[in-house]
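*Asks:* Fold the following for me, if possible:
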Amino acid sequence: MEKLSVIVPCFNEQETLQDYYDAISKVRETLLGKECELQVILVDDGSKDKTLAKMKELSGQCSWIRYISFTRNFGKEAAMYAGLQHARGEYVAIMDADLQHPPAMLKEMYEGLQSEEYDCVAARRESDQMTLGALGEGEVLDAIRRCQPDTLTPIEAMGLLYELKQKLSK
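*Replies:* Numbering: from 1, shown residues only. Next up is the predicted model:
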C-alpha cells in the first residue's frame, strides 16, 4: 500500500490544531486505509503557546501522527525541510495548520496522481474554490534542472516561479 506524508509546519497554532486534526481525520477515513496509508508530520517551529503540547496529545492518540519540535523559531522553510527529511511516503504534501489548504483536497489530488499522467499536482484558490493544476514529468524535471541554487540569481528564480505559476493557471 502506498503512503502519503503530509507535512504541517506550525507556529503558535494551538487554536487551530484540533480543527486541522478533525479535517485530516475525515480524509483519512474516506481515502486512506482503503487506497493509501497516511502519515502526518507536525513540525513545531518554536511556538510560544501550547502548540507542542497539542501535538504531543494528538500523536499520543494516533499512531499516524508524528511531531518534530524546534527549540526556537527557524522559519517555515526550515520546518518544511525537517518534515521532508522525516517523510516516508511515496507522495508528500505540505499544508498549513490553519486550514488555508483544505485537507479535503488531498483525496482529489491523490486521485489525480493515480489516474492521470501527472508527476506533480498543486491546488490554487479561484475565488472561494480550490482547483487543481498539474505539471507533466518534463516540466517538473526541467524546472528542477534549472533550479541550481549556486548558479541561480534571485531574478532568475523569480522568473522560474512565474513560469510555473503560468503553467498551473492554464
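*Asks:* Please name the nearest non-neighbouring residue to Met95.
*Replies:* Distances taken as CB to CB, 6 or more residues apart in numbering put His101 closest to Met95, at 4.3 Å, once the chain neighbours are dropped. For every residue, glycine as well, the C-beta is placed using N, CA and C.
*Asks:* Now name the helix or strand holding Gly112.
*Replies:* Secondary structure from DSSP states H and E places Gly112 in helix 105-115.
*Asks:* same check, this time on Glu77
*Replies:* Glu77 is part of helix 76-86, with elements assigned from DSSP H and E.
*Asks:* Going C-terminal from that helix, what's the next secondary structure element?
*Replies:* The element immediately downstream of helix 76-86 (helix or strand, assigned by DSSP H and E) is strand 91-94.
*Asks:* who's in contact with that next one?
*Replies:* Residues from elsewhere that reach strand 91-94 (CB atoms under 8 Å, 6 or more residues apart in numbering): 2-9, 36, 80, 83-84, 106, 109-110, 113.
*Asks:* Tell me the strands beside it, with direction?
*Replies:* Each strand paired with strand 91-94, and its direction, by DSSP bridges: strand 2-10 (parallel).
*Asks:* what's the burial count for Met95?
*Replies:* Met95 has 21 neighbours, counted by other CB atoms under 10 Å.
*Asks:* Would you point out the most distant pair within the contacts of strand 91-94?
*Replies:* Spatially, the most separated pair among the contacts of strand 91-94 is Glu2 and Pro9, at 23.4 Å (CB to CB).
*Asks:* more crowded one of the two?
*Replies:* Using other CB under 10 Å as the criterion, Glu2 and Pro9 rank with Pro9 on top: 25 against 13.
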